[in-house]
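**Q** Sequence first, then the predicted structure, then my questions.
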Amino acid sequence: MIELDQVSKHYGDSIAVNSLSLTIQAGDFCVFIGTSGCGKSTTLRMINRLIEPSHGHIRIDGEDIAGLRPELLRRRIGYAIQSIGLFPHWTVARNIAVVPQLLGWEPQRIRQRVHQLLELLHLDPAQFADKLPAQLSGGQAQRVGVARALAADPNILLMDEPFGALDPITRESLQAEMLRIQAELHKTIVFVTHDIDEALKLGNRIVVMDQGRIIQNASPQQLVQHPANDFVANLIGQQDRGLKAAACTTVAELLQPARMPLPSDQPRLHGSDSLKLAVSQMLWHKVDCLPVCDDSGQVIGELSMQRILEQQP
Ligand SMILES: Nc1ncnc2c1ncn2[C@@H]1O[C@H](COP(=O)(O)OP(=O)(O)OP(=O)(O)O)[C@@H](O)[C@H]1O
């Protein structure tokens with residue numbers, strides 16, 4: 001658990017972060033979003049003491065981090081940023097191994113860990129371990145950055161616009177990776193983005209900031225359905241908020257028992273699909289109900305347009 005208790009950061013007369021209090025529960029995927037310069041990165045960097053607060057306290061699992069040595073704290077917290085910051089003359093494997101090296105892990109354990117992480121990030125170890133950063137695409141380099149942040153198996157991962165510079169397709173695939181990794185590893189993730197769709201897709205908590213303060217701290221569903229003010233409503237966008245709401249609810253949440261018999265030629269939904277995808281499929285296939293299956297392909301129920309409409313705000 002990460003607790004920020006009336007944390008402020010001043011630069012001379014200007015206030016970057018203004019008496020911000022926030023609790024991030026263990027296992028949360030907490031996304032900071034807001035306008036440029038509202039204090040997102042500053043807040044994130046105070047958690048690993050790359051920036052020191054002017055006032056207030058930050059506690060991790062109840063321990064005030066002001067009493068910890070910053071370099072030891074940083075070895076316990078993964079950090080991934082947009083510019084990635086890989087060492088250009090080191091191989092991918094050596095870049096990933098930075099923190100385990102600092103922690104004095106045995107070479108064999110480091111090799112195994114690097115191999116495991118490359119596989120986790122869908123980079124073939126035989127192909128990528130010995131490459132230099134300049135030989136990677138932007139998306140591959142960003143995967144290496146995420147692997148490096150995870151290397152010493154930290155409980156906390158800080159990610160500052162890690163996918164900001166990527167094309168939409170690569171970005172979407174890395175977002176899917178992050179959701180998969182989070183479902184598998186249950187880290188506490190604090191993630192900064194400018195992109196509301198990315199925030200709604202990834203976060204289970206979304207913290208909207210403006211001028212160094214929290215404007216709203218809510219689940220994606222709450223944020224879309226009950227924006228705290230016009231600033232948040234505009235951030236979400238008035239025109240397509242129905243689709244935004246549908247994007248942050250899963251098919252599994254509205255699953256209905258299957259009627260018999262189900263036509264075998266229809267496409268099938270998965271429980272983890274969003275309602276947005278379900279609506280899109282129904283429109284495309286001109287049907288108002290689709291079967292829902294589990295990972296093994298077994299039909300576990302169905303979802304109708306009627307049910308979706310009943311649930312929409
Ligand atoms: N070293 C510094 N000296 C003076 N002011 C700073 C410094 N670092 C940040 N600031 C100011 O603090 C405010 C918050 O900056 P911060 O980088 O946290 O914003 P942000 O929300 O992450 O912005 P962006 O989305 O553009 O990255 C900004 O007004 C910025 O100009």
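**A** Noted; the coordinates are in hand.
**Q** Can you name the residues that contact the residue most central in space within the chain?
**A** Closest to where the C-alpha atoms of the chain average out (Cα atoms, centre = their mean) is Leu202, at 4.5 Å. Contacts for Leu202 (Cβ atoms under 8 Å, 6 or more residues apart in numbering) come out as 29, 31, 175, 178-179, 191, 193. In this view, the C-beta of every residue, glycine as well, is placed from N, C-alpha and C.
**Q** Point out the residues in the stretch 151-300 of the chain that sit beside the ligand.
**A** His194 (Cβ under 6 Å from any ligand atom).
**Q** Would you map the strands across the stretch 151-300 of the chain?
**A** Counting by DSSP state E, counting those that start in this stretch, the stretch 151-300 of the chain has these strands, from start to end: 156-160, 188-193, 205-210, 213-218, 269-270, 289-293, 299-304.
**Q** Redo those strands as a markdown table? Include mean pLDDT and mean neighbour count.
**A** Shown next, in a markdown table, are these (pLDDT from 0 to 100; neighbours: other Cβ atoms under 10 Å):
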| stretch | mean pLDDT | mean neighbour count |
| --- | --- | --- |
| strand 156-160 | 92 | 23 |
| strand 188-193 | 95 | 25 |
| strand 205-210 | 96 | 23 |
| strand 213-218 | 96 | 18 |
| strand 269-270 | 91 | 20 |
| strand 289-293 | 91 | 19 |
| strand 299-304 | 90 | 18 |
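**Q** what about Gly297, how many neighbours?
**A** 8 (other Cβ atoms under 10 Å).
**Q** ok now do it, which residues does it touch?
**A** Going by Cβ under 8 Å, 6+ apart, the list of residues near Gly297 reads Arg268.
**Q** and with 10 Å instead?
**A** Going by Cβ atoms under 10 Å, 6 or more residues apart in numbering, Gly297 touches 268, 270.
**Q** nearest to Ser54, of the strands of the stretch 151-300 of the chain?
**A** When those are compared by Cβ to Cβ, strand 213-218 sits nearest Ser54, at 14.9 Å.
**Q** elements contacting that closest one?
**A** Applying 3 or more Cβ pairs under 10 Å, 6 or more residues apart in numbering; DSSP states H and E, one finds that strand 213-218 makes contact with strand 14-24, strand 29-34, strand 205-210, helix 220-225, helix 230-236.
**Q** change it to 8 Å
**A** The criterion is 3 or more Cβ pairs under 8 Å, 6 or more residues apart in numbering; DSSP states H and E, and the helices and strands that strand 213-218 contacts are strand 14-24, strand 205-210, helix 230-236.
**Q** Reformat those as a markdown table; add distance to Gln222.
**A** Below are those laid out as a markdown table (distance: least, Cβ to Cβ, whole Å):
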| stretch | distance to Gln222 |
| --- | --- |
| strand 14-24 | 16 |
| strand 205-210 | 9 |
| helix 230-236 | 10 |
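**Q** Let me know which of those is tucked in deepest.
**A** strand 205-210 (a mean of 23; mean count of other Cβ atoms under 10 Å).
**Q** Select the longest helix from this protein.
**A** If you go by DSSP state H, the chain has its longest helix at helix 168-185.
**Q** The closest residue to Ala141 other than its chain neighbours: neighbouring residues, count only.
**A** Excluding the flanking residues, the one nearest Ala141 by Cβ to Cβ, 6 or more residues apart in numbering is Ile84, at 5.3 Å. Neighbour count of Ile84, defined by other Cβ under 10 Å: 19.
**Q** Please identify the buried residues of the helix-or-strand element of the chain with minimal mean pLDDT?
**A** Within the chain, no helix or strand scores below helix 168-185, which has a mean of 82 by mean pLDDT, DSSP states H and E. Under the neighbour-count criterion of 16 or more other Cβ atoms under 10 Å, helix 168-185 has 170-171, 174-175, 177-178, 181-182 buried.
**Q** again with stretch 221-228
**A** Those would be 221, 223-225, 227, for stretch 221-228 by 16+ other Cβ under 10 Å.
**Q** Show me which of the residues you listed is closest to Gly242.
**A** Distances from Gly242 to the buried residues of stretch 221-228, taken as Cβ to Cβ, are shortest for Val224 (9.1 Å).
**Q** Do I have it right that that closest one meets Ala245?
**A** Yes - assessed by Cβ atoms under 8 Å, Val224 is found in contact with Ala245 at 4.6 Å.
**Q** That concludes my questions; thank you for your assistance.
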